[in-house]
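In: Sequence first, predicted coordinates after that:
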Amino acid sequence: MSTTPNTAAASPKENLYTELQALDREAHRALRLSKLIHSDHSPARGLNAMYANAVEFIDLSREYPVVFVRAGDPQANNGALEVAPMAVLGLKRGENLYLKDDGGWTASYVPATLRGYPFAMVRTDDNNYIVCFDKAWSGFSEQEGERLFDDKGEATEFTKGVQTYLEQLDGEMQRTRSFCEQLVELNLLQDMRFDAQMENGQSMVVDGFLAIDEKKLAELSDAKLGELHRNGMLGLIHAHMASLGMMRRLVERRVALQLPA
C-alpha cells in the first residue's frame, strides 16, 4: 500500500519484529518479561499497516480500514495471486496514527498480532514451529518481571500461556489464508485507491491495495451467495466493505495531529 506524494517518515518500518531469536530454555533461563506490550506499543511506531486475521474483521472494522494487499512471490506460486488482509494504521509510509508519543494506543481494539508481541511462532525448515522473541524489545530483563523458565529450565505458566496464544493465532492465520484464496478464486478483488482532500487544500492519494468489487459480488449466483453466508465468508466481506469508511477517519486523525499531506 502506498501513498502519493510518497514521502517516507524518518524511520519507516516494514516489520513489527526487529531481532527475532528462538527462545531457548538453557540460553534464556534467566530471562524475564518486565514490561508487557499492552503498556507500551512503541514497537509499532513507523508501521502504517498490520496483518489482520479474518476472525478480527468485525472488531477491526469499527476503528480501522481493513484492506487486502498483494503478498508472496507470484513466480513461486505459478503466477497465482496471493493476498493478505491488513489493518491500515496510517496514510503514509512510516506513519502510525493510532500510536501516542508515550506508546499508548488510541483505539480500544488492538490487533491480535500486536498483542502477541514480543513473541512469535516461526516455522522451521522441517515444517515444525518454534517460539521466538524479539531480542530488541526493551521489556526484557534478568532482574525483574515474569519468569519465562523456572530453575529447572521448564516453561512457566506464563510462557505456556504465550505459546497457547501463538498457536491460536497461527490457526487463525491458516483460516485467513484459506479465506483469501477463496476471494482470489472467485475473482472478487479489484485494485482500489482513496483520494482525500485536506483542509489546507492539499490532496492525498492512497493506492496499492485491493478491495471487494461490489459489482462482481452482486453477480454471484444465489447458490454461491448462500454458500458464502453459511461458511461465514459473506459476513467477513461485509465487515471489510464497511471498514473502508474508516479511511475518512484516518484523514481526520491526520488533520487533528496537524500532519502535512
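Out: Ah, there it is. Numbering: from 1, shown residues only.
In: Return stretch 139-147 as CSV; C-alpha atoms alone will do.
Out: Output of stretch 139-147 as CSV, limited to C-alpha atoms (Å, rounded to 0.1, in the frame of the first residue of the first chain):
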residue,chain,number,x,y,z
GLY,A,139,10.7,-5.0,28.1
PHE,A,140,13.1,-8.0,28.8
SER,A,141,15.2,-8.2,31.9
GLU,A,142,17.1,-10.7,34.1
GLN,A,143,16.3,-8.9,37.3
GLU,A,144,12.5,-8.3,37.4
GLY,A,145,9.3,-9.3,35.8
GLU,A,146,7.6,-12.6,34.7
ARG,A,147,9.9,-15.5,34.5
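In: what is the rounded mean pLDDT of that stretch?
Out: Stretch 139-147 shows a mean pLDDT of 92.
In: Other residues contacting it?
Out: Residues from elsewhere that reach stretch 139-147, judged by C-beta atoms under 8 Å, 6 or more residues apart in numbering: 30-37, 40, 118, 133, 156, 158. For every residue, glycine as well, the C-beta is placed using N, CA and C.
In: want to throw these into a markdown table with distance to residue 69?
Out: Shown next, in a markdown table, are the contacts of stretch 139-147 (distance: C-beta to C-beta, whole Å):
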| residue | distance to residue 69 |
| --- | --- |
| 30 | 40 |
| 31 | 34 |
| 32 | 36 |
| 33 | 31 |
| 34 | 35 |
| 35 | 31 |
| 36 | 29 |
| 37 | 24 |
| 40 | 27 |
| 118 | 24 |
| 133 | 26 |
| 156 | 37 |
| 158 | 34 |
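In: What ranges in the stretch 101-250 of the chain fall below the confidence cut-off?
Out: Applying pLDDT under 70 to the stretch 101-250 of the chain flags residues 198-201.
In: Now do the contacts for the residue lying closest to residue 116 once chain neighbours are set aside.
Out: Residue nearest to residue 116 in three dimensions, not counting chain neighbours: residue 169, with 5.7 Å by C-beta to C-beta, 6 or more residues apart in numbering. Counting by C-beta under 8 Å, 6+ apart, residue 169 makes contact with 53, 112-113, 116, 121.
In: what about residue 169, distance to residue 84?
Out: Between residue 169 and residue 84 the computed distance is 14 Å (C-beta to C-beta, to the nearest Å).
In: what does residue 248 give?
Out: Distance check for residue 248 against residue 84: by C-beta to C-beta, it reads 24 Å.
In: do residue 115 as well
Out: The gap separating residue 115 from residue 84 is 18 Å, by C-beta to C-beta.
In: higher neighbour count, the two?
Out: A side-by-side neighbour count of residue 115 and residue 84, using other C-beta atoms under 10 Å, places residue 84 first with 18 against 14.
In: which one is the more buried one nearest to, not counting chain neighbours?
Out: Nearest non-adjacent residue to residue 84, counting by C-beta to C-beta, 6+ apart: residue 71, 4.1 Å away.
In: No further queries at this time; thank you.
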